[in-house]
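A.B. asks: What follows is a predicted structure for the sequence shown.
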Amino acid sequence: MKRIVIRYVICLSILVVVIGAAFHAGWERMASGQTGEYYLYHLYVHCEPKRSAADFTAMGSGTAGTKVICAGKCKINGIVTEVSLNDALAQLPAKVSQAFKEQLGKHEADAAAGKGKSLDCMSGAKPKCDTDRYNDYLRKRQAAMELFKHASELRLTASKLLAEELVYEADQARWEGETELLGDTVVQTWREYASRIKRKLAGSQGSMKKSLIRRGGRWAVSKVPIVVGTVNVATWVSTVSQTTYRGFAYADQYARYQKEAQEATKQAEEMWRKALEDFEKYLTGDAGACADQSRAAAQDEAQLDQAKAAIEEWDNNQNLYRDPIKNEAVTYQEAIKRAKEYLQTGTIGGVFHDREFFTLASYDIDDKLTPKALQAAIAEMDQAISSFDRLDRSITNYFQANRLIEQKLEAAFGGK
């Protein structure tokens, strides 16, 4: 019985050895395959011999199990040896090596953002940034800045021209004793100009009311307050009617400059954003390679969002809708035209609508000015005053809204 057991044990041992050898041989054949790759790769980075600073894992396409790679201060055969990252990755398949590079890049990007520690303790831990790509982005951004600078110059030109024209018109209608208009900005210039126009509208209407008198229980006209007062009312109303006509031309010119500036600004924002998006696509693949440039790009993106918000105000800010302003300006203009006609013709007739009305040589009040015509002129002046008050508020809000957008754009595009 003992012999049978011994023989059984010996046979079983031989069988185990044979099966093990066969399995090992089969595993080797499976592991060799066509690629010679491992199933899994582990990369350990050591900044100190006995402690791993970071470890990374990448999948292979083979079946040979797991391969461990060391970079940094690695212990090889009991001796601490410095292994560069490039040397460590050189022994790996290209896809695996690239996967580790991307993981290292993300690790360094997180470290730059305060999440973890950098692996700058060893040579080659940080991938190099492609400076050509960043410089290309900077060149495109600078082109966008130049276009925005052009837009700013257009806006500045529009403001200067309008301010100069307002000063000219104020000088044309200046009363004796009034100083020259000296506004520093288009908003301030308009405020001073509008303030003077309001005083003159009210003063002219006051003189007209004084000329309407009761005589013998009936209304009569005394021309003395109108002609001998602070200014010849008919002359000044005629001047204002011409100023109003020219004002439409100034406003259109200002609007054209503004529209061109808006289009250039939108193009500048689009150019800058496209350049940034292209550079950010590169950063997605090599996040850690350009940590400093990545932070700068994030700041640029925040400024671009500010610029985009300011640009959208052009379409959404109700103070910038020109139609209500134009409609009110027409209302004011028509009231002034009718008042002028009543004073100069002495009767209530049809309103002149052609350009010749604005270039009449005679500003004298007709000798046959009737009380009814004077009352009609006073009513038109009342409407003109109310209309100009609304127009003043709308134009002031328009200029202020434009200036606020300009300041936001200068903050977003400026300093680049």
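C.D. replies: Arrived safely, thanks for sending. Note that this is a predicted model, so its numbers are computed, not measured.

A.B. asks: Low-confidence ranges, the stretch 251-400 of the chain, go.
C.D. replies: Across the stretch 251-400 of the chain, the stretches falling below the confidence threshold (pLDDT under 70) are 284-289, 346-368.

A.B. asks: Apply 90 and report the result again.
C.D. replies: Within the stretch 251-400 of the chain, the ranges that satisfy pLDDT under 90 run 251-256, 279-299, 313-330, 332-377, 399.

A.B. asks: got it, and the stretch 51-200 of the chain?
C.D. replies: Counting by pLDDT under 90, the ranges of the stretch 51-200 of the chain that qualify are 51-56, 58-134, 155-200.

A.B. asks: which residues of it fall in strands?
C.D. replies: Counting by DSSP state E, counting those that start in this stretch, the stretch 51-200 of the chain has strands at residues 51-59, 66-76, 79-83.

A.B. asks: Which of these has the highest mean neighbour count?
C.D. replies: Per-stretch averages of neighbours, counted by mean count of other C-beta atoms under 10 Å, single out strand 66-76 among these, with a mean of 17. Placement of C-beta: from N, CA and C, glycine included.

A.B. asks: Show me the contact partners of that strand.
C.D. replies: Contact partners of strand 66-76, identified using C-beta atoms under 8 Å, 6 or more residues apart in numbering, comprise 38-49, 53, 60, 80-85, 87-89, 91-92, 121-122, 124.

A.B. asks: Among those, which ones are in helices?
C.D. replies: Using DSSP state H, the members of these that fall within helices are Leu85, Asp87, Ala88, Leu89.

A.B. asks: Could you name the helices and strands sitting against the longest helix seen in the chain?
C.D. replies: Here the longest helix in the chain is taken by residue count, with DSSP H as the criterion, and it is helix 233-285. Based on contacts counted as 3 or more C-beta pairs under 8 Å, 6 or more residues apart in numbering; DSSP states H and E, the elements that helix 233-285 packs against are helix 131-172, helix 186-211, helix 224-228, helix 291-316, helix 322-345, helix 371-413.

A.B. asks: So the closest residue to Lys95 other than its chain neighbours versus Ala99, what's the distance?
C.D. replies: Distances taken as C-beta to C-beta, 6 or more residues apart in numbering put Ser61 closest to Lys95, at 7.7 Å, once the chain neighbours are dropped. Between Ser61 and Ala99 the distance, using C-beta to C-beta, to the nearest Å, works out to 12 Å.

A.B. asks: Between the two, tell me which one has more neighbours.
C.D. replies: Ranked by neighbour count (other C-beta atoms under 10 Å), Ser61 and Ala99 place Ala99 first, with 20 against 13.
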